[in-house]
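Asks: the sequence isn't on hand, but the structure is:
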């Protein structure tokens with residue numbers, strides 16, 4: 001599988017539950033980028049360069065969410081299990097005071113890190129995350145059910161060879177407002193088509209998606225008093241804007257900002273605007289505000 005060079009040097013790391021890839025770019029305070037399902041860290045390929053150039057070290061793991069290259073048989077692929085993998089990654093890399101950035105499922109992992117390991121988190125950016133009852137969101141509610149049907153992951157993988165199928169509302173049609181580059185989508189979908197082990201990982205992951213996780217963590221988020229930036233797409237077709245305001249209500253030190261002309265995959269639709277918001281938030285959280293404008 002090809003990987004975007006813009007995310008930096010690629011590494012493999014053996015964790016307790018399996019081996020994962022991560023990319024590392026830049027120096028300075030750490031910003032950890034967490035993606036959602038059926039994508040890899042390449043989701044952030046157009047965001048990381050700007051964040052790195054602004055004086056931050058970007059760590060971008062490829063989590064085992066269905067588009068990953070290395071199978072993790074037997075691993076706990078629930079959201080808490082994935083959060084455990086990320087926590088171990090931070091421990092192994094000796095990283096603390098991290099700003100965590102999460103989209104969709106990655107946003108759930110970020111919320112769990114905020115609740116369970118606040119000592120490692122300096123601040124958080126929740127960019128259109130799964131939350132509250134939206135795990136999974138209604139448009140993807142079929143996935144946990146499909147995971148119970150033998151062979152369903154293979155059928156889904158084969159079906160998404162078709163560009164028409166990919167654009168259906170219940171597949172990827174509502175995730176990004178603009179077409180995703182074909183090579184990126186092919187890289188996201190190829191592992192599931194090519195590997196029974198990856199399909200099994202994906203099946204185990206979707207079977208553990210349940211709103212009980214996000215509703216439970218929401219009850220613990222009021223204890224996280226560090227800065228949080230909640231970013232929502234103004235035209236999001238999957239997550240209603242009311243979710244952003246509900247998150248704002250439970251987080252004691254949060255701000256909500258909207259990004260125009262974007263759907264849920266903000267890193268795809270508006271990477272420059274998203275990068276500027278992340279940098280501004282990081283500067284306010286880590287340093288004094290910049291005296292020179294961002295370009």
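Replies: On my side now, so go ahead. Because the structure is predicted, anything quoted here is derived from the model rather than measured.

Asks: tell me which stretches of the stretch 151-295 of the chain form strands.
Replies: 228-233, 254-259 (DSSP state E, counting those that start in this stretch).

Asks: okay, now the unreliable bits of this structure?
Replies: Within the chain, the ranges that satisfy pLDDT under 70 run 1-3, 142, 144-173, 288-295.

Asks: all helices for it, in order.
Replies: Secondary structure of the chain by DSSP state H: the helices cover 48-53, 79-92, 105-116, 142-146, 152-159, 163-166, 182-194, 196-207, 211-220, 242-250, 266-269, 271-286.

Asks: most packed of those helices?
Replies: helix 105-116 (a mean of 26; mean count of other Cβ atoms under 10 Å). Backbone N, C-alpha and C define where each C-beta goes, glycine included.

Asks: can I get the helices of the chain in JSON lines including distance to residue 63?
Replies: Output for these, formatted as JSON lines (distance: least, Cβ to Cβ, whole Å):
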{"stretch": "helix 48-53", "distance to residue 63": "16"}
{"stretch": "helix 79-92", "distance to residue 63": "6"}
{"stretch": "helix 105-116", "distance to residue 63": "7"}
{"stretch": "helix 142-146", "distance to residue 63": "16"}
{"stretch": "helix 152-159", "distance to residue 63": "17"}
{"stretch": "helix 163-166", "distance to residue 63": "21"}
{"stretch": "helix 182-194", "distance to residue 63": "13"}
{"stretch": "helix 196-207", "distance to residue 63": "9"}
{"stretch": "helix 211-220", "distance to residue 63": "15"}
{"stretch": "helix 242-250", "distance to residue 63": "21"}
{"stretch": "helix 266-269", "distance to residue 63": "15"}
{"stretch": "helix 271-286", "distance to residue 63": "19"}
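
Asks: nearest to residue 30, out of these?
Replies: Proximity of the helices of the chain to residue 30 was assessed by Cβ to Cβ; the nearest stretch is helix 79-92, lying at 8.6 Å.

Asks: ok and the closest one relative to helix 105-116, angle-wise?
Replies: 70 degrees (axes from the mean of the first three to the mean of the last three Cα atoms, to 10 degrees).

Asks: show me the contact partners of helix 79-92.
Replies: 13, 15-18, 20, 22, 32, 34, 59, 61, 63-65, 75-76, 96, 98, 105, 108-109, 112-113, 116-117, 120, 135, 208-209, 213-214 (Cβ atoms under 8 Å, 6 or more residues apart in numbering).

Asks: list only buried entries from the residues you listed.
Replies: 15, 17-18, 20, 22, 32, 34, 59, 61, 63-65, 75-76, 98, 105, 108-109, 112-113, 116-117, 120, 135, 208-209, 213-214 (16 or more other Cβ atoms under 10 Å).

Asks: related to what we said a few turns ago, of all the strands of the stretch 151-295 of the chain, which one is nearest residue 183?
Replies: Closest among the strands of the stretch 151-295 of the chain, using Cβ to Cβ: strand 228-233, at 23.8 Å.

Asks: for the residue positioned nearest the centre of the chain, what are its contacts?
Replies: For the chain, the residue nearest the mean C-alpha position is residue 35 (2.2 Å; Cα atoms, centre = their mean). The contact partners of residue 35, by Cβ under 8 Å, 6+ apart, come to 41, 43-44, 60, 62-63, 65, 103-106.

Asks: let me have those residues in CSV, extended by distance to residue 270.
Replies: Shown next, in CSV, are the contacts of residue 35 (distance: Cβ to Cβ, whole Å):
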residue, distance to residue 270
41, 18
43, 13
44, 13
60, 18
62, 23
63, 23
65, 22
103, 12
104, 16
105, 20
106, 17
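
Asks: please report how far the closest residue to residue 270 other than its chain neighbours lies from residue 271.
Replies: Leaving aside its chain neighbours, residue 270 sits nearest to residue 262 (4.5 Å; criterion: Cβ to Cβ, 6 or more residues apart in numbering). Separation of residue 262 from residue 271 (Cβ to Cβ, to the nearest Å): 10 Å.

Asks: thank you kindly, that will do.
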